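A.B. asks: need a structure here:
(one chain, ligands or ions: 2)
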Amino acid sequence: MNKLDTALVTSALKKAGFGLAENEKGADVVLINTCSVREHAEQRVLSHLGHLKHIKKSKPNMVVGVIGCMAQRLGAELLKDKTVDIVCGPAQIPQITELVTKALQENKKTLAITGKIRQKSAENKALEELESVFDSDDSQVPAQAYVRAMRGCNNFCSYCIVPYVRGPEVSRPPAVIIEQIKRLAGNGVKLVTLLGQMVNAYKYNSSGKTLCLADLLYMVSEIEGIEWIRFVTSYPAEEYYEQILKAMADLPKVCHYLHMPAQSGSDKILKAMNRNYTAGKYLELIEKARDIVPGIAISGDFMVGFPGETEEDFGETISLVQIARYKNCFVFKYSSRPGTAADKRLQDDVPEEVKKRRNIELLAVQEKISDELAKQFLGKEVKVLVEGLSKKAVSTSSPQAGVSPCGEKGYPPSLKLRRTSPQLVGRTAEDWIVVFDGPAKLAGEFAKVKITRTSPLTLFGEMI
Ligand code: 5AD
Ligand code: SF4
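C.D. replies: Ligands and ions are numbered 1, 2, ... in the order given. Predicted coordinates for the structure are as follows:
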């Protein structure tokens, strides 16, 4: 969601004549897009503001804006910070050009957030207008785009801030989504990812008929130029589940990939989290997915250290991960979010060291599974959509370069060589990361790669 919001802001400001600065020191305006899901993310924003305070000392006219969920959550409190000139919630993003222009001209602080976040508001219309004309963006990965299918969430998992900062669930009209994707395809987009906090709950009433995500997948599949379609995030629920998976099995463009967070393997904890399923039910859903779409890659999210989580509860999470055999998992340490049900009613009673230990342990269990799954690709050919240069695109000719035979650092300094062909990174339809050598101009194109080596998170290979 946040990447998409950043893209929308960038695109709106570029259309208004602004350009991206090289760095903060050279910028007239600095906008920070924020996330409130975990406390850590908010702390990072606050320390970033501390850094901007220093820059502002020598550049008092620089405008600093905080956008997104943290802006909506903290509102006026955030504006009290001397460094901050603009506080703009997710629903006010359509006003960003106006807010920035005004702040540059008038040296006044502005607060733009939603007063009653749980009420359906007229702001949705402005958001829809901004989003539906969004047709390309150069801050994203070439040939890929995110398209929102739904906004907000009505689920109120007890730990989660999202319903309080993103408002009620609203599905966008299919016609608008399709028009937008057609334009994106016309601009060279090949992979489109449909977004929603519970994207599998997508529903839209149109002339007496309710269209669900499966219907949307059929409609997007018809769009010429779009070659791969993904959707995230799925909530473990029966509603539309079979229909969506059958569409995945049926439609060649829909990637065999499902991101479906379990959060915990303990029924006691799942109940306290207000997740409406048991661990057994969750595993049944996974099995069903594998029945309908053989070979489907599934990824998950887990939280460790939720209030009341005992070693036994954590053991049940480990068991679930072992049975589910995810492609990969994201593991988070629980942090209490102000105003949520868990924050109000439950004590954050699992010590930080225990959260840390469980986090490491769970990741280690998953790493072994990912490693086993990755090894199955050895010697196989995969189709990859190239994202661009890998982080290690410039490599050294020998692993010893920079260190002398007797361990002395800095010798021999001249051995750093550039590869004739840089290292590229891309992903398979099932979202496996693939690293291989190839020309940079392949970014945004499909490539065929033979896998020669694997690690738990990455496949390495040679272009064929
Ligand atoms: N603390 C830690 N992790 C959280 N998540 C959501 N809320 C919290 C919280 N309060 C995690 C969930 C979710 C992912 C996006 O973030 O695992 O799936
Ligand atoms: Fe948060 Fe639950 Fe909604 Fe996901 S489904 S955004 S975890 S409230």
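
A.B. asks: now Leu104. Nearest residue, chain neighbours left out?
C.D. replies: Closest residue in space to Leu104, ignoring its immediate chain neighbours: Val63 at 5.7 Å, by C-beta to C-beta, 6 or more residues apart in numbering. From N, CA and C alone the C-beta is placed, and that goes for glycine too.

A.B. asks: no no, Gln423
C.D. replies: Ser390 (4.4 Å).

A.B. asks: show me what contacts that neighbour?
C.D. replies: Shown in contact with Ser390 (C-beta atoms under 8 Å, 6 or more residues apart in numbering): 422-425, 435.

A.B. asks: quick one: which of the residues you listed is nearest Asn33?
C.D. replies: Val425 (23.7 Å; C-beta to C-beta).

A.B. asks: which other helices and strands contact the helix or strand hosting that closest one?
C.D. replies: In this assignment (DSSP states H and E), Val425 forms part of strand 423-427. If you count contacts as 3 or more C-beta pairs under 8 Å, 6 or more residues apart in numbering; DSSP states H and E, strand 423-427 packs onto strand 381-389, strand 433-437, strand 446-454.

A.B. asks: the last one pairs with which strands?
C.D. replies: Each strand that strand 446-454 pairs with, and the sense of that pairing, follows from DSSP bridges: strand 381-389 (antiparallel), strand 458-463 (antiparallel).

A.B. asks: residues near Lys109, how many?
C.D. replies: 15 (other C-beta atoms under 10 Å).

A.B. asks: can you check Ala16 too?
C.D. replies: 12.

A.B. asks: so who does Leu211 touch?
C.D. replies: Per C-beta under 8 Å, 6+ apart, neighbours of Leu211: 174, 203-205.

A.B. asks: any figure for the gap between the residue nearest to Leu104 and Ile93?
C.D. replies: Val63 sits 16 Å away from Ile93, going by C-beta to C-beta, to the nearest Å.

A.B. asks: pick the one among the contacts of Ser390 closest to Val386.
C.D. replies: Looking across the contacts of Ser390 and measuring by C-beta to C-beta, the closest to Val386 is Leu424, at 5.5 Å.

A.B. asks: domain ranges for the protein?
C.D. replies: The chain breaks down into these domains under automatic domain parsing: 2-112, 123-375, 381-463.

A.B. asks: now stretch 146-163 - C-alpha only, CSV.
C.D. replies: Extracted in CSV, the C-alpha atoms of stretch 146-163 (Å, rounded to 0.1, in the frame of the first residue of the first chain):
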residue,chain,number,x,y,z
TYR,A,146,0.4,-1.9,-8.0
VAL,A,147,-3.3,-1.3,-8.5
ARG,A,148,-5.6,-0.9,-5.5
ALA,A,149,-8.6,-3.2,-5.6
MET,A,150,-9.8,-2.2,-2.2
ARG,A,151,-9.2,0.5,0.4
GLY,A,152,-9.5,0.2,4.2
CYS,A,153,-10.4,-2.7,6.4
ASN,A,154,-13.4,-3.8,8.5
ASN,A,155,-11.8,-6.7,10.2
PHE,A,156,-10.4,-5.2,13.4
CYS,A,157,-7.8,-7.8,14.3
SER,A,158,-7.2,-6.9,17.9
TYR,A,159,-3.5,-5.9,17.4
CYS,A,160,-4.0,-3.9,14.2
ILE,A,161,-4.0,-0.2,13.6
VAL,A,162,-5.1,-0.3,9.9
PRO,A,163,-8.9,0.0,10.4
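
A.B. asks: does the helix or strand harbouring Phe314 come close to ligand 1?
C.D. replies: Applying DSSP H and E as the criterion places Phe314 in helix 311-324. No - residues of helix 311-324 are not located near ligand 1 by C-beta under 6 Å from any ligand atom, the shortest gap being 11.8 Å.

A.B. asks: can you tell me if the helix or strand just after that helix touches ligand 2.
C.D. replies: Per DSSP H and E, the first helix or strand lying C-terminal to helix 311-324 is strand 328-333. No - Strand 328-333 is not in contact with ligand 2 by C-beta under 6 Å from any ligand atom; minimum separation 10.9 Å.

A.B. asks: show me which positions of the helix or strand just after strand 328-333 end up buried.
C.D. replies: Note on strand 328-333: by DSSP H and E, the next helix or strand toward the C-terminus is helix 341-345. Neighbour-count burial for helix 341-345, counted by 16 or more other C-beta atoms under 10 Å, picks out 342-343.

A.B. asks: ok, of the domains of the chain, where does mean pLDDT dip lowest?
C.D. replies: When the domains of the chain are compared on mean pLDDT, domain 381-463 scores lowest, with a mean of 78.

A.B. asks: send me the helix or strand harbouring Leu363 as CSV with only the CA atoms.
C.D. replies: If you go by DSSP H and E, Leu363 is part of helix 352-375. Extracted C-alpha coordinates of helix 352-375, given in CSV (Å, rounded to 0.1, in the frame of the first residue of the first chain):
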residue,chain,number,x,y,z
GLU,A,352,11.5,-8.2,24.5
GLU,A,353,14.3,-10.8,24.8
VAL,A,354,11.7,-13.6,24.5
LYS,A,355,10.1,-11.9,21.4
LYS,A,356,13.6,-11.6,19.9
ARG,A,357,14.4,-15.3,20.6
ARG,A,358,11.1,-16.6,19.2
ASN,A,359,11.6,-14.4,16.1
ILE,A,360,15.0,-15.9,15.4
GLU,A,361,13.8,-19.4,16.1
LEU,A,362,10.8,-19.2,13.8
LEU,A,363,12.9,-17.7,11.0
ALA,A,364,15.4,-20.5,11.4
VAL,A,365,12.6,-23.1,11.0
GLN,A,366,11.3,-21.4,7.9
GLU,A,367,14.9,-20.9,6.5
LYS,A,368,15.3,-24.7,6.5
ILE,A,369,12.1,-25.2,4.6
SER,A,370,12.8,-22.4,2.1
ASP,A,371,16.3,-24.0,1.6
GLU,A,372,14.7,-27.4,0.8
LEU,A,373,12.1,-25.8,-1.5
ALA,A,374,14.8,-23.7,-3.3
LYS,A,375,17.0,-26.8,-3.9
